[in-house]
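*Asks:* here is a sequence together with a model predicted from it:
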Amino acid sequence: MSSKKLTQLFLKRLIIIVLITLTVMTALAWTAQTHQSEENTDILLNNVIAHVFSSIDLIEKFNNQYELNISHENISEYYGESLPIVKKGGLIIVENGTIIGDTVISDHLNEPISVLNITEKDISGDSGHFHLRLNGTTYQCYYETRGGITVISLLPNSVAFALRNTSVAYLFIGYLLLFAAVYTGIYLLLRRFVLTGIQNLNASMDKITNGDLNEKAAVYDNYEFSQLTDGINRMVNALKDAIAREAARLDSELKYAREIQKASLPKLSALPEDSRFQLSASMVPAREVGGDFYDFFMIDDNTLCAEVADVSGKGIPAALYMMSVKDKIRSAILGNKDHERAFFTVNNDLCASGSNMFVTAFVSVLDLNSGKVTAVNAGHNPPLIYDGVSFEYISCKPNFVLAGMEQCTYQPCDYSLKDGGLFFMYTDGVTECMNKDGGFFGETRLKECLNNAEKEPEKIIEAVQNALNEFSDGADLSDDVTMICFRYFSKNGRLE
Amino acid sequence: MWAKGNVMDIQIQHQGSDLLISLTGRLDANTSGDLQNAVDNESEYESITIDFCSLEYISSAGLRVLLSIHKNCLANNTPLTILNCNDIVKDVFNMTGFSDVLNVE
């Protein structure tokens, strides 16, 4: 990708073109003006010579005396002020190759013309034009020969080309100003019609690239930009459509996945009618599918198992993992009377599957004859127990999470439920439910809520759910919210 | 409104043969990948110390990255130490049993 700006590239080339054009135009003007000046000089010098020859007296004087003291003064005398330019030039009069009159350098009278760097060849015709370089000055010369006498009239270049130099200098300055104006004009037009459009389009593209697909490009300054703008907008619309189609497809798949996940959770109807316990459970995923789950089942006629678990992570990966974890835990518990052993096995099994996830779980096994609860805490939030007075958090030393490290051991804790006592388990989606200010629902609020609720599993879960809804006040769920609660009735208590 | 925390600053220093990583902010699903990448990009250290003194919060995704770093360290016999946890992070470590597995000081 080039980091050079369009203006830099364009204007650099433009300035080169402008300079070349300026040089060429100046050179052409110079050549034309040189030619014109030479012609003008010839006419002028010719006139001077004609004037000299027309002054018969002067020529006769030449003839009689063979010498002439001719100077600027007496030339002016003959020519008057009508040809002031002659003052800066001069006359050389030659007979038979010898200088007989000279207003340029008068020391060479009667010397051959070669001392003035003039050759015989220069003045071999009747009349003509030649250049003369003398003492560092170049002269434009014109000569004419009549009756053996040659009159050379000359004018220094500085005079001959004075007009040319001035006019070309003015022309050059004029061109320079003109091109500067054109250059600035083109730059402004470029900026007005191209750069601003490109900048605006780029700004739109940036927004689109950053995910704002509702951004509309709006540069309609000219046909080309309109086409580009329409192209970009069409492309973005096509993208939006494609994304929407894909989202709809994913949505419908997720809906199915949600149904499947829901169906994989046990139903209350699967439990036998038993007057010794009541149970209720709920799972609200933060997204369509979640990584939380609850499970409950009868280990035998007198033993109820209830558990809650949280797979680290959310969404589809967590949901897939959750399904297999749930089955593994259930079959390990059903297969081992010894809970410590069951967890040891299931943990090693999960570790061996090599997934990068881990699971926190709380499993409670209720003996329906005695109200004794045997619980295993695999790195999970502490549940609450209701002893007929109030709910309190239980302390059960947490073991390490499941699927974290191989060879971990899981120590169970024992509790005892009184008649009508409740056991409430939940995932951190409850205590870490956030309000709009980022505050957590927390354990204190949960305990208060439980204590204020009607002491029935279903009512309790409903109360917590309502409290969470009120607390989050429309903020998105940050994590899956899962709860399970059971109540124990002793046979004796019930009969009384 | 308080942002839901996708901000974490990671500062890495080599102190002798020790790799000292200081974390500021929240180690959650949004930021845990950064920590993993930062550690993966380093080499030539004999021990790792992660300083949690400015870490406000850790989520399960953060725990997962810590566990992954811990496992790598175990495999390479590299001691891993975690320093200066605040109460929130300490609670999470205690609740999940990480405090028994990791070397938390």
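*Replies:* All right, it came through fine. Numbers count the residues shown, from 1 in each chain, chains lettered A, B, ... in the order given.

*Asks:* from here on, just use CA atoms for contacts and neighbour counts.
*Replies:* Will do.

*Asks:* any low-confidence regions in chain B?
*Replies:* Residues of chain B meeting the criterion pLDDT under 70: B:1-6.

*Asks:* quick one: secondary structure of the residue nearest the centre of chain A?
*Replies:* In chain A, the C-alpha nearest the mean C-alpha coordinate belongs to residue A:206, at 5.9 Å (Cα atoms, centre = their mean). Three-state call for residue A:206 (DSSP: H, G, I helix; E, B strand; the rest coil): helix.

*Asks:* buried set for stretch A:460-469?
*Replies:* Going by neighbour count (16 or more other Cα atoms under 10 Å in any protein chain shown), the buried part of stretch A:460-469 is A:460, A:461, A:462, A:463, A:464, A:465, A:467, A:468.

*Asks:* distance check, residue A:445 against residue A:422.
*Replies:* 18 Å (Cα to Cα, to the nearest Å).

*Asks:* the two - which one has more neighbours?
*Replies:* Set side by side, residue A:445 and residue A:422 show more neighbours around residue A:422, with 26 against 16, by other Cα atoms under 10 Å in any protein chain shown.

*Asks:* test my guess that that one contacts residue A:385.
*Replies:* Yes: contact criterion Cα atoms under 8 Å: residue A:422 and residue A:385 qualify, at 5.7 Å.

*Asks:* and the pLDDT for the residue nearest to residue A:359 when sequence neighbours are not counted?
*Replies:* What sits nearest to residue A:359 in space, not counting adjacent residues and going by Cα to Cα, 6 or more residues apart in numbering or on different chains, is residue A:311, at 4.4 Å. Per-residue pLDDT puts residue A:311 at 89.

*Asks:* check which helix or strand residue A:325 maps to.
*Replies:* Element membership for residue A:325, per DSSP states H and E: helix A:315-335.

*Asks:* reformat the buried residues of stretch A:460-469 as a markdown table; add secondary structure and pLDDT.
*Replies:* Output for these, formatted as a markdown table (DSSP: H, G, I helix; E, B strand; the rest coil; pLDDT from 0 to 100):
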| residue | secondary structure | pLDDT |
| --- | --- | --- |
| A:460 | helix | 95 |
| A:461 | helix | 95 |
| A:462 | helix | 95 |
| A:463 | helix | 95 |
| A:464 | helix | 95 |
| A:465 | helix | 94 |
| A:467 | helix | 94 |
| A:468 | helix | 93 |
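
*Asks:* out of those, flag the one nearest to residue A:53.
*Replies:* residue A:468 (126.5 Å; Cα to Cα).

*Asks:* which residue is the nearest non-sequential neighbour of residue A:11?
*Replies:* residue A:187 (7.3 Å).

*Asks:* what's around that neighbour, how many residues?
*Replies:* The burial count for residue A:187: 17, using other Cα under 10 Å.

*Asks:* try the one 3 residues further on
*Replies:* When neighbours are counted by other Cα under 10 Å, residue A:190 registers 17.

*Asks:* averaged pLDDT, the helix or strand containing it. What do you get?
*Replies:* Residue A:190 is part of helix A:162-190 when elements are defined by DSSP H and E. Taken as a whole, helix A:162-190 has an average pLDDT of 88.

*Asks:* now swap in stretch A:442-457 and tell me
*Replies:* 93.

*Asks:* buried sites along that stretch?
*Replies:* So for stretch A:442-457, counting by 16+ other Cα under 10 Å, buried means A:443, A:445, A:446, A:447, A:449, A:450, A:451, A:453, A:455, A:456, A:457.

*Asks:* same question for stretch A:161-173.
*Replies:* Of the residues in stretch A:161-173, those buried (16+ other Cα under 10 Å) are A:161, A:164, A:165, A:168, A:171, A:172.

*Asks:* residue B:84 contacts residue B:49, doesn't it?
*Replies:* No: judged on Cα under 8 Å, residue B:84 makes no contact with residue B:49 at a distance of 10.7 Å.

*Asks:* the more surrounded of those two?
*Replies:* residue B:49 (18 against 15).

*Asks:* other SSEs contacting the helix or strand harbouring residue B:63?
*Replies:* Assigned by DSSP H and E, residue B:63 falls within helix B:60-75. In terms of contacts (3 or more Cα pairs under 8 Å, 6 or more residues apart in numbering or on different chains; DSSP states H and E), helix B:60-75 is packed against helix B:32-40.

*Asks:* quickly check: the helix it packs on near chain A or not.
*Replies:* No: Helix B:32-40 stays clear of chain A (Cα under 8 Å from any Cα of the partner chain), getting no nearer than 11.5 Å.

*Asks:* list the contacts for residue B:57?
*Replies:* By Cα atoms under 8 Å, 6 or more residues apart in numbering or on different chains, the contact set of residue B:57 is B:25, B:26, B:27, B:28, B:88, B:89.

*Asks:* show only the entries of the buried residues of stretch A:442-457 found in helices.
*Replies:* With DSSP state H as the criterion, helices contain A:443, A:445, A:446, A:447, A:449, A:450, A:451, A:457 from among those.

*Asks:* just to revisit the earlier point, need the contacts of residue B:57 in TSV (columns: secondary structure, neighbour count and distance to residue A:37).
*Replies:* Formatted as TSV, the contacts of residue B:57 follow (DSSP: H, G, I helix; E, B strand; the rest coil; neighbours: other Cα atoms under 10 Å in any protein chain shown; distance: Cα to Cα, whole Å):
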residue	secondary structure	neighbour count	distance to residue A:37
B:25	strand	19	87
B:26	strand	22	88
B:27	strand	29	89
B:28	coil	22	90
B:88	helix	13	99
B:89	helix	17	98
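
*Asks:* if we can go back for a sec, need phi/psi at the residue nearest to residue A:359.
*Replies:* phi -80, psi 130 (degrees, to the nearest 10).

*Asks:* residue A:417 too?
*Replies:* When read as degrees, to the nearest 10, the backbone of residue A:417 gives phi -100, psi 130.

*Asks:* hang on, it packs against residue A:371?
*Replies:* Yes: counting by Cα under 8 Å, residue A:417 touches residue A:371, with 4.9 Å between them.
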